[in-house]
Each structure stands twice: as structure tokens, then as C-alpha cells.
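**Student:** what's the 3D shape of this:
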Amino acid sequence: MPSHRDTDFVSYKSKGGGKFEIFTHRKVAGEFRKKYKGDVSNAPNDMAAICLDPKMVYRNIKKLKRASTEDILEEFGTDDMDEVAKLIVLKGSLKVKVYVHS
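**Tutor:** Below is the predicted model:
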């Protein structure tokens with residue numbers, strides 16, 4: 001979880017209508033998205049510089065409701081959290097300044 005209450009994130013809408021979200025560094029995430037333009041195969045796997053915590057994927061980031069391993073496996077077909085974070089950042093929508101309810 002980020003150390004401050006207002007932060008940026010990426011929200012990915014699943015095919016089934018659910019969502020998966022991850023905290024990001026907005027500027028770095030934007031540059032990463034521009035550079036790889038959704039090309040997951042050529043993007044690097046280390047997401048630590050882009051995401052505040054690539055191991056933490058949420059279903060509702062405002063309420064800090066984490067996604068279950070089962071939901072992640074069902075949607076992304078992997079439990080490799082760097083790969084999941086990469087997919088969310090490249091295919092999701094960049095959101096700015098969410099207020100986190102702790």
C-alpha cells in the first residue's frame with residue numbers, strides 16, 4: 001500500500017465485467033504504456049519501477065479490497081504477479097489521484 005492517501009492507479013476491466021487495479025507511478029506508467037503500446041511480449045517483466053507494489057492487485061483499490069489468487073488465475077491465466085501487473089498497466093486505463101479509504 002502506498003505511503004500516502006492520494007495516489008495514481010491503473011484499472012483493468014475484465015471480459016466478465018470485473019476490474020483489477022494496481023497502484024502506479026503515473027509518469028513512469030504513462031511512458032511505459034507509450035513505449036510498448038500494449039505489446040506485452042516485448043515489455044520487461046520487472047514492474048517495480050512502474051508500480052508501487054506489483055505484488056498487490058486489487059478488485060477495489062479505493063477500499064483496498066485485494067483480488068484473490070483464484071480471480072487472478074481465472075482472468076490472467078497466471079499467478080506471476082509481475083506478468084499480471086504488466087498486463088494491467090498495458091491494457092488498463094490510467095486513473096489519477098484516488099482517495100484511499102483506510
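**Student:** going forward, measure contacts between C-alpha atoms and count neighbours the same way
**Tutor:** Noted.
**Student:** out of the helices and strands in the protein, which is least certain?
**Tutor:** strand 93-99 (a mean of 76; mean pLDDT, DSSP states H and E).
**Student:** so what's the residue most central in space within the chain scoring on pLDDT?
**Tutor:** Nearest to the geometric centre of the chain sits Ile22, at 3.1 Å (Cα atoms, centre = their mean). For Ile22, the pLDDT comes out at 93.
**Student:** wasn't it part of a strand?
**Tutor:** Yes - according to DSSP: H, G, I helix; E, B strand; the rest coil, Ile22 belongs to a strand.
**Student:** for Lys19, list each beta-bridge partner.
**Tutor:** Beta-bridge pairing for Lys19 (DSSP bridges): Lys13.
**Student:** and it, what pLDDT?
**Tutor:** pLDDT, read off for Lys19, is 94.
**Student:** please apply the same query to Val100.
**Tutor:** 61.
**Student:** relative to Ser14, how far out is the residue nearest to Met56 when sequence neighbours are not counted?
**Tutor:** Counting by Cα to Cα, 6 or more residues apart in numbering, Met56 lies nearest to Ile22, which is 6.7 Å off, once chain neighbours are set aside. Between Ile22 and Ser14 the computed distance is 14 Å (Cα to Cα, to the nearest Å).
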